[in-house]
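Visitor: Need coordinates for the below:
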Amino acid sequence: MKRATLKDVAERAGVSKATVSYILNNADKPITEETRLKVKKAIEELQYVPNIGAASLTNKTSKMIGVVIPQTEPGSQLMFQNSFYSEIISAIEYHARKIGYHILISGTDVDESYIKLIYERNLDAVIAIGVYPDDFFEQFKKIGIPTVLIDSYCKDEHFHNIRIDDELGAYMATKYLLEKHHTKIGFLSGKMKEDGVIKKRHEGYKKALAEYGIPYDKDNIFEVEVDFNSGIEAAEKIVEEKVDITGIVTTADVLAIGAIKGFHQMGKRVPQDYSVIGFDDLEISKYITPGLTTIKQDIYGKGKCAVDILEKALEDKNYPKQDVTMKFEVIERESVRDLS
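Guide: Residues are numbered from 1 along each chain as shown. You can find the predicted model right below:
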């Protein structure tokens, strides 16, 4: 079936193309209610869908928000291996759609140009999740479109920021194990980067140990890729090498869930042999056995907050830079044992 055009709508409604355009764009023009109803009826009868591409050329806006997810190494598929990203993207997509925008997701490899996609697609705004090299931020500053960073510790006031207090979150996770009388506690995380989320959580872990007078032991630190299989492998290594720990703080639920699986495969039980605490409170964390004790952050809320900020920033070029620190809490389930 031939796609209806603006001209078709105008002819069906008996008005000019300009009048149809004014109505579609809610322009401040003296148009009668009768005319608006005629145009609306014609649009419905013809099943007319506006050409977003043509509108973007006219209005110099694409109605597209880029969502950039870092890849830890060329060819990796981080966004598909950790459901944290699917949860936050679902929030971004839903709330962007509510304000008339679509999203374009890019899993950007470290060996690609971070800016190329923005120019190619004429993106109106960007949400960048995670940690990037310094030159990434420098290039972004030159583009001049509204940008929200999620889970970044970039200190440049050019960008809006949304995060939690990651150091405090890991401190609370570690302290939770300490209060359950664990004194031999490991730390399972992604690769640490300066001023990154993992580095902050590592500091929180060390702070809690120091507070309880427990020496820090680098042999109890396990840096891996943040995915399910890496959690399995880390747990297997802990058992095989007889690492002297009774509990483990993980920096992501996907690692914690993998570790629980790995311990099980090695004939060990959680929490009877090893206690595990996660970080994120992914939806799946309540469904596994044992249920995962974890630090709950509002993943969906981060995505919604990012879109709310962009909506205001797109309407007002002088909208002040936002720096949002969101709340979190410990969710108790069954993966941690009290040793007392």
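Visitor: Tabulate the CA atom coordinates of stretch 213-226 in PDB.
Guide: Taking C-alpha atoms only, stretch 213-226 is exported to PDB below (Å, rounded to 0.1, in the frame of the first residue of the first chain):
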ATOM      1  CA  GLY A 213      40.900  -3.900  62.100                       C
ATOM      2  CA  ILE A 214      41.200  -6.600  59.400                       C
ATOM      3  CA  PRO A 215      44.300  -6.400  57.200                       C
ATOM      4  CA  TYR A 216      43.800  -6.000  53.500                       C
ATOM      5  CA  ASP A 217      45.000  -9.000  51.500                       C
ATOM      6  CA  LYS A 218      45.500  -8.500  47.700                       C
ATOM      7  CA  ASP A 219      45.300 -12.300  47.300                       C
ATOM      8  CA  ASN A 220      41.600 -12.000  48.100                       C
ATOM      9  CA  ILE A 221      40.900  -9.600  45.200                       C
ATOM     10  CA  PHE A 222      39.600 -11.100  42.000                       C
ATOM     11  CA  GLU A 223      39.300  -8.800  38.900                       C
ATOM     12  CA  VAL A 224      37.400 -10.400  36.000                       C
ATOM     13  CA  GLU A 225      35.000  -9.400  33.200                       C
ATOM     14  CA  VAL A 226      31.600  -8.500  34.500                       C
END
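Visitor: how about it: buried residues?
Guide: 214, 220, 222, 224-226 (16 or more other CB atoms under 10 Å). In short, each C-beta sits where N, CA and C put it, glycine included.
Visitor: tell me the two of these that are most distant?
Guide: Spanning the widest gap among those are 214 and 225, at 27.6 Å by CB to CB.
Visitor: now for the helix or strand hosting residue 204, which elements pack on it?
Guide: Per DSSP states H and E, residue 204 falls inside helix 197-211. For helix 197-211, the packing partners by 3 or more CB pairs under 8 Å, 6 or more residues apart in numbering; DSSP states H and E come out as helix 166-179, strand 185-189.
Visitor: looking just at contacts, which helices and strands does the next helix or strand after that helix meet?
Guide: Using DSSP H and E, the helix or strand that follows helix 197-211 in sequence is strand 221-223. Counting contacts by 3+ CB pairs under 8 Å, 6+ apart, strand 221-223 packs against strand 185-189, helix 228-240.
Visitor: Format these as JSON lines; extra columns: mean pLDDT and distance to residue 131.
Guide: Formatted as JSON lines, the helices and strands packed on strand 221-223 follow (pLDDT from 0 to 100; distance: least, CB to CB, whole Å):
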{"stretch": "strand 185-189", "mean pLDDT": "98", "distance to residue 131": "13"}
{"stretch": "helix 228-240", "mean pLDDT": "97", "distance to residue 131": "18"}
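Visitor: Out of those, which is the most enclosed?
Guide: With neighbours taken as mean count of other CB atoms under 10 Å, the helices and strands packed on strand 221-223 reach their highest mean count in strand 185-189, at a mean of 25.
Visitor: Now do the contacts for residue 231.
Guide: With contacts defined as CB atoms under 8 Å, 6 or more residues apart in numbering, the neighbours of residue 231 are 188, 224, 250, 254-262.
Visitor: Could I get the buried residue list for the helix holding residue 204?
Guide: In helix 197-211, counting by 16+ other CB under 10 Å, buried: 197-206, 208-209.
Visitor: Among these, find me the one that's closest to residue 318.
Guide: Minimum distance to residue 318 across those is 30.1 Å, recorded for residue 197 (CB to CB).
Visitor: Relative to residue 188, how far out is the closest one?
Guide: Computed as CB to CB, to the nearest Å, the residue 197 to residue 188 distance reads 14 Å.
Visitor: what separates the residue nearest the centre of the chain from residue 212, distance-wise?
Guide: Nearest to the mean C-alpha position of the chain, by CA atoms, centre = their mean, lies residue 88 at 4.4 Å. According to CB to CB, residue 88 stands 33 Å off from residue 212.
Visitor: shaky segments in the stretch 51-200 of the chain?
Guide: Scanning the stretch 51-200 of the chain for pLDDT under 70 picks out the ranges 51-60, 71-81, 108-114.
Visitor: mind running it again at 80?
Guide: Under the criterion pLDDT under 80, the flagged ranges of the stretch 51-200 of the chain are 51-61, 70-82, 107-121, 131-143, 155, 194-195.
Visitor: what are the ranges of the strands in it?
Guide: With DSSP state E, counting those that start in this stretch, the ranges of strands along the stretch 51-200 of the chain come out as 64-70, 102-108, 125-129, 147-150, 160-164, 185-189.
Visitor: Rebuild those as JSON lines, extending it with distance to residue 7.
Guide: Formatted as JSON lines, the strands of the stretch 51-200 of the chain follow (distance: least, CB to CB, whole Å):
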{"stretch": "strand 64-70", "distance to residue 7": "26"}
{"stretch": "strand 102-108", "distance to residue 7": "25"}
{"stretch": "strand 125-129", "distance to residue 7": "32"}
{"stretch": "strand 147-150", "distance to residue 7": "38"}
{"stretch": "strand 160-164", "distance to residue 7": "41"}
{"stretch": "strand 185-189", "distance to residue 7": "59"}
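Visitor: and residue 319, which of these is closest to it?
Guide: The closest of these to residue 319 is strand 160-164. By CB to CB, the value is 8.8 Å.
Visitor: What is the closest one packed up against?
Guide: Counting by 3+ CB pairs under 8 Å, 6+ apart, strand 160-164 packs on strand 147-150, helix 299-315, strand 323-326.
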